[in-house]
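*Asks:* this one's structure only:
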Ligand SMILES: Cc1ncc(COP(=O)(O)O)c(C=O)c1O
């Protein structure tokens, strides 16, 4: 089978609404490598969008799933429960940052975790309104896209968004927006549009993911915590993309000196199986009435078994430190390239949640053309990269944290050669 043939069938069979970054149809994957149906090998710096942090088909994760398939694959926890679901909740209640008693709910996708965090926040506060940030991404369900701070393609054509969702600017120094500007934006909102007593929650990603890999400054997080405490608002950390060792911590919020009341997670949690969760203050999580939360597949036994193995592997293989090590090597290499590529205006990110931003040569305007050209060039040379950013001018690097040194070095050489090829073109 050829990629092009499948691609033609795909165009005829699948809605174009499901966007595609490549036409590389996967045959198999292992660790940080993927082989397509034509036998071509790729180094994977996308990791299924920050999902397989422990690598494709990690033997311990595969073994845990295999063992689970031999016992049972689905009973629905709300009908016939199972102990490892409870044990995973206990592990997350312990590991999620925040020095208070916690409870957890399992669902299936990141967007669903966000939906449920908002439901819980509304039930706990008896309030409606939610504040989110420009450039933030929280999923493609109705509340997820309403909270998302980017119109095209996420909201375009989909009509009215959920009411009582307000966006404020996210601080990015590079774009001339400071933390003071962002906090002042909320204060202005409270004066002009929105009574703070109506606000149930403020939601943000500790590092904006789809929006461009912009870390939330420490003083923003502190300022939000203060505002929340002053007005009885809950703080929700959307750790769907930042979670599970990616940022050099199990959760990015460990890098801040304040805690969120509710944390959403998915992606890296179960090493490629669809599992998501929200963990929060016990009394907040108990605000919803029995039956108000959950779902047929939420906390599916295969995902739960995989997640236990993922947490074990992160600990056994010291993947938080490995993320820091890989990230600092990548940053060094990118900064060296940057000295001769003025279009690369920024290299940033904690742990191995690293991005490079590209502008026009005069530094003034976003350069999505060059960004996409580098992505395409790298792909043709066997390296899968992802772009992101409100202007599509950011390349994000998300290899599995288990990537061996030799493959990592090979990937960095391909990356450099691709940037040089595009620059020289
Ligand atoms: C921060 C964040 N929240 C929510 C989501 C939505 O997750 P899912 O695609 O699993 O619904 C994503 C997905 O990229 C995300 O990065």
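*Replies:* Noted; the coordinates are in hand. Predicted, not measured: the structure shown is a model, and the values here were computed from it. Numbers count the residues shown, from 1 in each chain.
*Asks:* Look up how far the ligand lies from residue 188.
*Replies:* According to Cβ to the nearest ligand atom, to the nearest Å, residue 188 and the ligand sit 26 Å apart. To be clear about C-beta, it is placed using only N, CA and C from the backbone, and glycine gets the same treatment.
*Asks:* now that residue: how far from residue 281?
*Replies:* Separation of residue 188 from residue 281 (Cβ to Cβ, to the nearest Å): 29 Å.
*Asks:* More neighbours: which of these two?
*Replies:* Using other Cβ atoms under 10 Å as the criterion, residue 188 and residue 281 rank with residue 281 on top: 20 against 12.
*Asks:* So what sits opposite the more buried one in the bridge?
*Replies:* Beta bridges link residue 281 to residue 102 when assigned by DSSP bridges.
*Asks:* Could you do residue 235 as well?
*Replies:* Bridge pairing for residue 235 (DSSP bridges) gives the partners residue 202.
*Asks:* residues contacting it?
*Replies:* Shown in contact with residue 235 (Cβ atoms under 8 Å, 6 or more residues apart in numbering): 201, 202, 224, 225, 228, 258, 259, 260, 261, 262.
*Asks:* Quick check: the first one vs the ligand, distance?
*Replies:* So that's residue 201. 14 Å.
*Asks:* Around the ligand, pick out the residues from the stretch 251-400 of the chain.
*Replies:* residue 266 (Cβ under 6 Å from any ligand atom).
*Asks:* Strands of the stretch 251-400 of the chain, start to end?
*Replies:* 262-265, 276-281, 344-348, 354-358, 383-384, 386-388, 394-397 (DSSP state E, counting those that start in this stretch).
*Asks:* Give me the sheet partners of the fourth one and which way each runs.
*Replies:* Which is strand 354-358. strand 344-348 (antiparallel), strand 394-397 (antiparallel).
*Asks:* Off-centre distance for it?
*Replies:* Chain-centre distance of strand 354-358: 16 Å, with Cα atoms, centre = their mean, to the nearest Å.
*Asks:* Likewise for the third one?
*Replies:* Centroid displacement of strand 344-348 relative to its chain, using Cα atoms, centre = their mean, is 20 Å.
*Asks:* Give me the residues contacting that strand.
*Replies:* Strand 344-348 is touched from outside by 174, 213-215, 331, 334-335, 337-338, 354-359, 363, 419, with contacts defined as Cβ under 8 Å, 6+ apart.
*Asks:* at 10 Å what do you get?
*Replies:* 172-174, 207, 212-215, 330-335, 337-338, 354-360, 363-364, 366-367, 370-371, 374, 393-395, 397, 419, 423 (Cβ atoms under 10 Å, 6 or more residues apart in numbering).
*Asks:* what's near enough to touch the closest residue to residue 297 other than its chain neighbours?
*Replies:* Nearest non-adjacent residue to residue 297, counting by Cβ to Cβ, 6 or more residues apart in numbering: residue 108, 5.0 Å away. Residues near residue 108 by Cβ under 10 Å, 6+ apart: 266, 273, 274, 275, 276, 295, 296, 297, 298, 299, 300, 303.
*Asks:* Please report phi then psi for residue 108.
*Replies:* Main-chain dihedrals, residue 108, degrees, to the nearest 10: phi -110, psi -30.
*Asks:* All set now, cheers.
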